[in-house]
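Participant: From the sequence below, what's the structure:
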Amino acid sequence: MMMRQLKLWCSPLLMLGAMAWGISGVAMAENPKMATVDMQKLFKGYHRAIAAQKRFDREYSRIQIGEHQRAEAMNRIRRMLQSLVTQLKQDDLSDELKMSKQQEGLILNQELQMLRDELRTFSKQEKQKVDQMKAASMQGLMQEIRMKVEDVSKQQRIDFVFDTSGKNTNQVSFFLYLKDAKEITAKTLKELNASAPSGDGN
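Facilitator: Modelled structure (predicted):
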């Protein structure tokens, strides 16, 4: 009898290859046990993924606050510049006072440009940093979920696991029907959240 080996298939090509291999290979030795799992549902329901998303939401909120503060400072300078323009249109201003206000306007314009550059740099760098942290975190969490799927599958002696959350260009699952395939999403999610702090998980 051939040794059982769990395989989690996500790519359509890999799925088709698995089916072909199952027909020509495994089926000759034994009837392979198949199961389905919804990886997106596992990720969205995993307590560690939920907690991570909340942390990143707070980080993005912090960035938005920083952007708003800098935008408000820019608006204050724009109002001051508009006031200077109005004052410079007055006919009773002395040449000395006009020159002073023009100089003040130049300084304010420089400050406005500095704030504009600072806002652009802040937004780009901070968002890029959080995006990279999030990508690394999501990758690690997906690996944890995958390992748990493997654990559950080994416990239940399942040979092939197909991810039903994979969609084609029409947003339809590649697998509409698999005969005798067991659905292990709920079981896997329960085990993933077994160690969740009180009040978290499902």
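Participant: What is the subsequent helix or strand relative to the longest helix along the chain?
Facilitator: As assigned by DSSP state H, the longest helix anywhere in the chain is helix 95-155. Later in the chain than helix 95-155, the nearest helix or strand by DSSP states H and E is strand 160-163.
Participant: which intervals of this protein have sub-threshold pLDDT?
Facilitator: 1-30, 167-178, 199-202 (pLDDT under 70).
Participant: Just list what the longest helix of the chain packs against, helices and strands only.
Facilitator: For helix 95-155, the packing partners by 3 or more C-beta pairs under 8 Å, 6 or more residues apart in numbering; DSSP states H and E come out as strand 7-9, helix 39-45, helix 47-88, helix 185-192. Every residue, glycine included, has its C-beta placed from N, CA and C.
Participant: out of these, which comes closest to residue 160?
Facilitator: Distance to residue 160, taken as C-beta to C-beta, is lowest for strand 7-9 among these, at 5.5 Å.
Participant: contacting residues around residue 142?
Facilitator: Residues in contact with residue 142 (C-beta atoms under 8 Å, 6 or more residues apart in numbering) are 39, 43.
Participant: ok so, going back, mind putting the helices and strands packed on helix 95-155 in TSV, distance to residue 152 and mean neighbour count included?
Facilitator: Shown next, in TSV, are the helices and strands packed on helix 95-155 (distance: least, C-beta to C-beta, whole Å; neighbours: other C-beta atoms under 10 Å):
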stretch	distance to residue 152	mean neighbour count
strand 7-9	11	18
helix 39-45	11	18
helix 47-88	17	14
helix 185-192	5	20
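Participant: out of the ones you listed, nearest to residue 98?
Facilitator: Residue 98 lies closest to helix 47-88 among those, at 6.2 Å (C-beta to C-beta).
Participant: Kindly calculate the angle that that closest one makes with helix 185-192.
Facilitator: Using axes from the mean of the first three to the mean of the last three C-alpha atoms, to 10 degrees, the direction of helix 47-88 lies 80 degrees away from that of helix 185-192.
Participant: Tell me which other helices or strands helix 47-88 touches.
Facilitator: Packing partners of helix 47-88 (3+ C-beta pairs under 8 Å, 6+ apart): helix 95-155.
Participant: Quick one: distance of the helix it packs on to the chain centre.
Facilitator: Relative to its chain's centre, helix 95-155 lies at 15 Å (C-alpha atoms, centre = their mean, to the nearest Å).
Participant: do stretch 179-191 as well
Facilitator: Distance of stretch 179-191 from the chain centroid (C-alpha atoms, centre = their mean) equals 25 Å.
Participant: start the count at 691, not 1, going forward
Facilitator: Will do, 691 is the new start, and the previous item becomes stretch 869-881.
Participant: Dump the helices and strands packed on helix 785-845 to a markdown table, plus distance to residue 852.
Facilitator: Below are those laid out as a markdown table (distance: least, C-beta to C-beta, whole Å):
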| stretch | distance to residue 852 |
| --- | --- |
| strand 697-699 | 5 |
| helix 729-735 | 10 |
| helix 737-778 | 21 |
| helix 875-882 | 12 |
